[in-house]
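Peer 1: below is the sequence, then the predicted model.
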Amino acid sequence: MNLTDPIFADADKARAHLEKTRWPHGPVCPHCGVVNEATAIKGRSARAGLYQCNACREQFTVTVGTVFERSKVPLNKWLLATYLLSSSKKGISAHQIGRTLGVTYKTAWFMCHRIREAMTIRDGGAPMGGEGKFVEADETVIGGKEKNKRLSKRNPKNIGAVGKQICFSLVERGGRVRSFHVPSVNAKTLRPIITKHVRRESALMTDDAGQYRIIGPEFARYETVNHGIEEYVRGDATTNTIEGFFSILKRGINGVYQHVSEAHLSRYLAEFDFRYSNRVALGVDDTARTNEALRGIGGKRLMYRRTDEACYA
């Protein structure tokens, strides 16, 4: 798969690729869930890719019940946008997507958020780590420096994380990463996240912040490094892996997106988590990563909304 692939230029070939990716064992009815019990409807008046379920008699296409449903953007442009967002290590702006696809910025922005929703792990996924495995935990802040703001918007009281958004992440060495937008950094906020997403048999690695000292003893092994005295590695105790992930996240947020609203930060985190968890070092290339995103489009439909309405269908 590359930018010259026919699926990025022909809507019918894009639909065929999406069907093959989402339905490896035959058409799946989104209404009753029956697999390979549908008949393709053919004729002059029938839409391309329209099926009728032989069980419930409902009609459907490969986009029904997905983030692509009822979109007027051709499927080949959807697949190209998914490929660009999946293969760009530090992300790609909606303005660039719009120029590349020949759509408006508003359309490109909404497409990107739909694709980020497809990249989101439903129900958080299986716990990380396990016996003999290392999981690193740390937090970082997302937000511009006060000195870079307009003079009228500067607040001298905003020191450190004050006035910024907090990202808390868990990374399994040689494995996946999982990030969360949290309101504050304390044991009460972080403990439910860590205990839910990390197996107790794991070795937990953190810095020497106080909130982790309360949580750490609950795991099979707990080690800290003291950055205050410039200690970054002590044997196999380190948080360098998660710091490396934060460097990619910060370069993407600061250099590509530049501004991320609080309301959408969790989706941007899901995007960076997805690419890191499906990286080349784990044997996942751009093609496989894109197809994995396409497999995640089901059951996550998003709709345009007014500011006073819910955003989910």
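Peer 2: Thanks, I have it.
Peer 1: going by C-alpha atoms from here, please, whenever you check contacts or count neighbours.
Peer 2: Will do.
Peer 1: how about the helices in the stretch 101-250 of the chain?
Peer 2: For the stretch 101-250 of the chain, the helices defined by DSSP state H, counting those that start in this stretch occupy 105-119, 187-197, 210-215, 240-252.
Peer 1: which one of the ones you listed is the most hemmed in?
Peer 2: helix 105-119 (a mean of 21; mean count of other C-alpha atoms under 10 Å).
Peer 1: how far is that helix from where the chain is centred?
Peer 2: Here the centre of helix 105-119 is set off from its chain's centre by 11 Å, with C-alpha atoms, centre = their mean, to the nearest Å.
Peer 1: kindly report the same for stretch 238-256.
Peer 2: 15 Å.
Peer 1: tell me the average confidence for stretch 216-225?
Peer 2: The average pLDDT for stretch 216-225 rounds to 96.
Peer 1: in that stretch, what's buried?
Peer 2: By 16 or more other C-alpha atoms under 10 Å, the buried positions in stretch 216-225 come out as 216, 221-225.
Peer 1: need the helices of the stretch 101-250 of the chain in CSV with distance to residue 98, can you?
Peer 2: Shown next, in CSV, are those (distance: least, C-alpha to C-alpha, whole Å):
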stretch, distance to residue 98
helix 105-119, 5
helix 187-197, 36
helix 210-215, 43
helix 240-252, 18
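Peer 1: how near is residue 71 to residue 63?
Peer 2: Distance from residue 71 to residue 63, counting by C-alpha to C-alpha, to the nearest Å: 9 Å.
Peer 1: compare these two (neighbour count), which wins?
Peer 2: When residue 71 and residue 63 are compared for neighbours, residue 63 comes out ahead with 21 against 12, by other C-alpha atoms under 10 Å.
Peer 1: who are the contact partners of that one?
Peer 2: Residues near residue 63 by C-alpha atoms under 8 Å, 6 or more residues apart in numbering: 69-70.
Peer 1: what pLDDT is listed against it?
Peer 2: 95.
Peer 1: same check, this time on residue 259
Peer 2: You'll see residue 259 listed with a pLDDT of 86.
Peer 1: ok, now residue 135?
Peer 2: pLDDT, read off for residue 135, is 98.
Peer 1: now swap in residue 159 and tell me
Peer 2: 67.
Peer 1: next: residue 310.
Peer 2: pLDDT, residue 310: 48.
Peer 1: so what's residue 174 up against?
Peer 2: Residue 174 makes contacts with residue 282, as judged by C-alpha under 8 Å, 6+ apart.
Peer 1: kindly recompute the last result at 10 Å.
Peer 2: Listed by C-alpha atoms under 10 Å, 6 or more residues apart in numbering, the contact set of residue 174 reads 133-135, 241, 277, 281-282.
Peer 1: my guess is residue 106 contacts residue 99, does it?
Peer 2: No: between residue 106 and residue 99 there is no contact under C-alpha atoms under 10 Å: 11.7 Å.
Peer 1: and for these two, which residues touch both?
Peer 2: Residues touching both residue 106 and residue 99 (C-alpha under 10 Å, 6+ apart): none.
Peer 1: residue ranges with poor pLDDT in this protein?
Peer 2: Along the chain, segments meeting pLDDT under 70 span 157, 159-161, 302-313.
Peer 1: swap in 50 and give it another go.
Peer 2: Across the chain, the ranges flagged by pLDDT under 50 are 307, 310-313.
Peer 1: about what we covered before: out of the helices of the stretch 101-250 of the chain, which is closest to residue 38?
Peer 2: Across the helices of the stretch 101-250 of the chain, the minimum distance to residue 38, taken as C-alpha to C-alpha, is reached by helix 105-119, at 25.1 Å.
Peer 1: dump the closest one to PDB, restricted to CA.
Peer 2: This file holds the C-alpha atoms of helix 105-119, laid out as PDB (Å, rounded to 0.1, in the frame of the first residue of the first chain):
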ATOM      1  CA  TYR A 105     -10.900  22.200   6.300                       C
ATOM      2  CA  LYS A 106     -14.200  21.600   8.100                       C
ATOM      3  CA  THR A 107     -14.600  18.300   6.300                       C
ATOM      4  CA  ALA A 108     -11.000  17.300   6.900                       C
ATOM      5  CA  TRP A 109     -11.200  18.200  10.600                       C
ATOM      6  CA  PHE A 110     -14.300  16.000  11.100                       C
ATOM      7  CA  MET A 111     -12.800  13.200   9.100                       C
ATOM      8  CA  CYS A 112      -9.700  13.200  11.300                       C
ATOM      9  CA  HIS A 113     -11.800  13.000  14.500                       C
ATOM     10  CA  ARG A 114     -13.800  10.100  13.100                       C
ATOM     11  CA  ILE A 115     -10.600   8.200  12.200                       C
ATOM     12  CA  ARG A 116      -9.200   8.900  15.700                       C
ATOM     13  CA  GLU A 117     -12.400   7.500  17.100                       C
ATOM     14  CA  ALA A 118     -11.700   4.300  15.100                       C
ATOM     15  CA  MET A 119      -8.200   4.200  16.600                       C
END
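Peer 1: alright, I will stop here.
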